[in-house]
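based on what follows, work out the 3D shape:
(chains A and B)
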Amino acid sequence: MKKTKKKIYVGSLILKILIILAAIFTVVMLGYLIVYILGKGIPHLTPSLFSLHYDSDNVSMLPSIINTLIMIGVALLIAVPIGVFSAVYLTEYAKKGNKLVKVIRTTAETLTGIPSIVYGLFGMLFFVTACHMSYSLMAGILTVAIMVLPTVLRTTEEALLAVPDSFREGSFGLGAGKLRTVFRIVLPSAIPGILSGVILSTGRIAGETAALIYTAGTMATLPKNLLSSGRTLAVHMYVLSQEGLHTDQAFATAVILLVMVLLINILSSVIAKKMQRD
Amino acid sequence: MKRKEKVFEIIFLLVACISIVAVAMICIFLFANGIPAMGKIGLGKFLGGQVWKPGNDKYGIFPMIIGSLYITGGAIAVGVPIGIFTAVFLAKYCPSGLYKIIKPATELLAGIPSVVYGFFGLMVIVPAVRMIFGTDNTDGMSILTASFLLGIMILPTIIGVTETSIRSVNNAYFEGALALGATKEASIFRCVIPAAKSGILAGVVLGIGRAIGETMAVVMIAGNQPRMPKGILQGVRTLTTNVVLEMGYATGLHREALIATGVVLFVFILIINLAFSIIKGKGEKE
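Alright, predicted model coming up:
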């Protein structure tokens, strides 16, 4: 702004103040939430909360952390190949204007919009009841795998579209077939994009509650296998806060969840930066 | 060699169809399990009934539909103005040094799990509302509390979409308005935002979808009383929380009625999705 004689417009000034206030509100709200949770939770992060054994006196969260990791690992193992292969079909094989492609895109968008409680209901009706899995890690894993599928699909598709056509042409020119071109040339150069989808999905699974309560159940002990019930960390936190007896431990759990989310965000921004440089 | 190529093409095609199968299965299972209950209860009694008393075989979800609409409306009232203003700040005012802090902060806001939001609401916003309006008027768990928290939760969606659409407006509009002597604010709100309106609208619709589908944060702070709300300081139950609260112990018709509640929610979401893709399609055409 130049310091010339300038008429002050009240309306503009008010708008400007509102804009700045809104930005401040957003940042302060986030800052307050983080500081509040960390401040209340860190003092209660006792070693006993990380014991392998859970009972109602010592509401250890280690079993829930292990469940969360198992759930993330296996769900990604299912969702990533499906998402990547679907994206390969959409970008590399399907012809332009193909009706099927349109349908697949629409369904993937629909899946993105479905709230987690509806996934939970579906998982309960299909995996738990119709497939006789009862409340089990596996039922939860399959439910969240469907939930994160559109995320993996979309990010991979974007990454594949960003691979320049000259790569493909070069590969074809050297005599490689389509399949070899996809696996040796196109997919490797799209890895950072695929990874960002994987990280986004990890965050979504780690924070998921509504889809898991009635699929994976709320057993707080270590699971024997994938067919036994087990609660993830987010579910653990929900149960603790609903019981109202272990507020301090709920804060401590919130700290671990927040740290997890922070790490995931940092990781994804590192990868995004790397992609820009390439 | 040729054969291998063909086999893999078919594999890719089949895998790509899994999302179609998933959507179809979700529709089939929800509708098949929910619609019979609507028939047994009576569609009018189910959607329009004001009493939810599973013990007395009364299954009216009208209070929950209203509850969901109230809370979503409140979240929009809180989240949309703040979100749009913040997006304007990010796109037009923010110095690049500050941008590197605020932008990741909004992204972090999107990543925080809903239980953490709910717990924060329970510990901070609920007591605050109780203090401000007095314990005689409210116990703190109310439409207002839930609307405020959900408003914060949909901020990242609104900010992200609005910022992108503001940035995609040709800068000549902005500079043209400035050159004609309009103030910076007038140029933004009279020229840039109208040009970006379909994108912003799409963001708002996306936010509505998030707010109406949110479960865990709402169940922790909205009070969950299944009755017609008489004011924004009273507790309320939404479609989502109705399912999550009672599914654990429900049997028979009660259970089916809860699934039917999920079906109503699902139909809402499908309508919102449709609206979103229509608005987005329109925006791309322009």
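
contact residues of the stretch 151-278 of chain A facing chain B?
Applying the criterion Cβ under 8 Å from any Cβ of the partner chain, the portion of the stretch 151-278 of chain A that neighbours chain B consists of A:153, A:177-179, A:203, A:206-210, A:213-214, A:234, A:237-238, A:241-242, A:247, A:250-251, A:254, A:257-258, A:261-262, A:264-265, A:269. C-beta: built from backbone N, CA, C; applies to glycine.

go again using 7 Å as the cut-off
Proximity of the stretch 151-278 of chain A to chain B, by Cβ under 7 Å from any Cβ of the partner chain, involves residues A:153, A:177-179, A:203, A:207, A:209-210, A:213-214, A:234, A:237-238, A:241, A:250, A:254, A:257-258, A:261, A:264-265, A:269.

out of those, which sit inside strands?
Among those, no residue falls in strands (DSSP state E).

show the buried residues in those residues.
Neighbour-count burial (16 or more other Cβ atoms under 10 Å in any protein chain shown) applied to those gives A:153, A:178-179, A:203, A:207, A:209-210, A:213-214, A:234, A:237-238, A:241, A:250, A:254, A:257-258, A:261, A:264-265, A:269.

of those, which belong to helices?
Counting by DSSP state H, the part of these found in helices is A:153, A:178-179, A:203, A:210, A:213, A:234, A:237-238, A:241, A:250, A:254, A:257-258, A:261, A:264-265, A:269.

burial check on B:I271, number of neighbours?
The tally of other residues near B:I271 (other Cβ atoms under 10 Å in any protein chain shown) stands at 11.

and for the one 3 residues further on?
By other Cβ under 10 Å, the residues close to B:L274 number 14.

now do the SS call for it.
Taken by DSSP: H, G, I helix; E, B strand; the rest coil, the conformation at B:L274 corresponds to helix.

what residues are up against it?
Contact criterion Cβ atoms under 7 Å, 6 or more residues apart in numbering or on different chains gives no residues in contact with B:L274.

cool, and A:V118?
Each residue near A:V118 by Cβ under 7 Å, 6+ apart is listed here: B:262, B:265-266.

in which helix or strand does it reside?
A:V118 belongs to helix A:116-123 when assigned by DSSP states H and E.

residues near residue 165, how many?
Let's take chain A. Close neighbours of A:D165, defined as other Cβ under 10 Å, add up to 7.

meant chain B, my bad for not saying
Other residues within reach of B:S165 by the criterion other Cβ under 10 Å amount to 23.

hang on, it in a strand?
No. The assignment for B:S165 is helix, going by three-state DSSP, so no strand is present there.

that one against B:L201, yeah?
No. Under the criterion of Cβ atoms under 7 Å, B:S165 is not in contact with B:L201, lying 9.2 Å apart.

what's the burial count for B:V218?
34.

let me see the contact set for it.
Listed by Cβ under 7 Å, 6+ apart, the contact partners of B:V218 are B:71, B:146, B:238, B:240-241.

excluding its backbone neighbours, what's nearest A:S201?
The shortest distance from A:S201 to any non-neighbouring residue, by Cβ to Cβ, 6 or more residues apart in numbering or on different chains, is to A:V148 (3.8 Å).

contacts only, for that neighbour.
Taking Cβ under 7 Å, 6+ apart as the contact definition, A:V148 lies against A:75, A:79, A:201, A:204-205.

got it, and B:E5?
The contact partners of B:E5, by Cβ under 7 Å, 6+ apart, come to A:177-179.

for chain B, give me its nearest residue in the stretch 1-150 of chain A.
Checking the stretch 1-150 of chain A residue by residue against chain B with Cβ to the nearest Cβ singles out A:P115 as nearest, at 2.5 Å.

the strands in the stretch 51-200 of chain B, which residues?
For the stretch 51-200 of chain B, the strands identified by DSSP state E, counting those that start in this stretch occupy B:52-53, B:58-59, in order along the chain.

packing partners of the first one?
If contacts are counted by 3 or more Cβ pairs under 7 Å, 6 or more residues apart in numbering or on different chains; DSSP states H and E, strand B:52-53 sits against no helix or strand.

distance check, the residue nearest to A:S201 against A:A108.
When distance is defined by Cβ to Cβ, to the nearest Å, A:V148 is 12 Å away from A:A108.

name the residues contacting each of the two.
Common neighbours of A:V148 and A:A108, counting by Cβ under 7 Å, 6+ apart, are absent.

what's the most buried one of the strands of the stretch 51-200 of chain B?
strand B:58-59 (a mean of 19; mean count of other Cβ atoms under 10 Å in any protein chain shown).

and that one, how far out from the chain's middle?
In terms of Cα atoms, centre = their mean, to the nearest Å, the centre of strand B:58-59 is set 27 Å apart from its chain centre.

equivalent analysis for stretch A:188-204, please.
Relative to the chain's own centre, stretch A:188-204 is displaced by 10 Å; criterion: Cα atoms, centre = their mean.

for it, list every residue counted as buried.
Neighbour-count burial for stretch A:188-204 flags A:190, A:192-204 (criterion: 16+ other Cβ under 10 Å).

now do the helices in chain A.
Along chain A, the segments classed as helices by DSSP H run A:10-41, A:62-88, A:99-113, A:116-123, A:137-162, A:165-173, A:178-180, A:187-189, A:191-206, A:210-213, A:233-243, A:247-277.

please name the nearest non-neighbouring residue to residue 234.
Using chain A here. With Cβ to Cβ, 6+ apart as the measure, A:T209 is the residue that lies nearest to A:A234, at 4.6 Å, once sequence neighbours are left out.

hmm, I had chain B in mind actually
Closest residue to B:Q234 apart from its sequence neighbours, by Cβ to Cβ, 6+ apart: B:S142 at 5.8 Å.

who in the stretch 51-200 of chain B is up against chain A?
Counting by Cβ under 7 Å from any Cβ, the stretch 51-200 of chain B sits next to chain A at B:82, B:85-86, B:88-89, B:93, B:102, B:104-109, B:111-116, B:119-120, B:122, B:124, B:152, B:155, B:183, B:185-186, B:189.

buried among these? Need that as a selection in PyMOL.
Remark: buried members of those, expressed as a PyMOL selection using 16+ other Cβ under 10 Å:
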select buried, chain B and resi 82+85+86+88+89+93+102+105+106+108+109+111+112+113+114+115+116+119+120+122+152+155+183+185+186+189
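
of the residues of the stretch 51-200 of chain B next to chain A, which belong to helices?
By the criterion of DSSP H, membership of these in helices covers B:82, B:85-86, B:88, B:102, B:104-109, B:111, B:114-116, B:119-120, B:152, B:155, B:185-186.

can you tell me which of the contacts of A:V118 are up against chain A?
Near chain A, judged by Cβ under 7 Å from any Cβ, the entries from the contacts of A:V118 are B:262, B:265-266.

could I get those as TSV with pLDDT?
Formatted as TSV, the ones next to chain A among the contacts of A:V118 follow (pLDDT from 0 to 100):
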residue	pLDDT
B:G262	95
B:L265	95
B:F266	95
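
next one, pLDDT for the closest residue in space to B:V126 that isn't next to it in sequence please.
Setting aside the residues directly before and after it, B:V126 is nearest to B:G140 in space (Cβ to Cβ, 6+ apart), at 3.9 Å. On the pLDDT scale, B:G140 is placed at 87.

contacting residues for B:G140?
Taking Cβ under 7 Å, 6+ apart, one finds B:126-127, B:129-130 in contact with B:G140.
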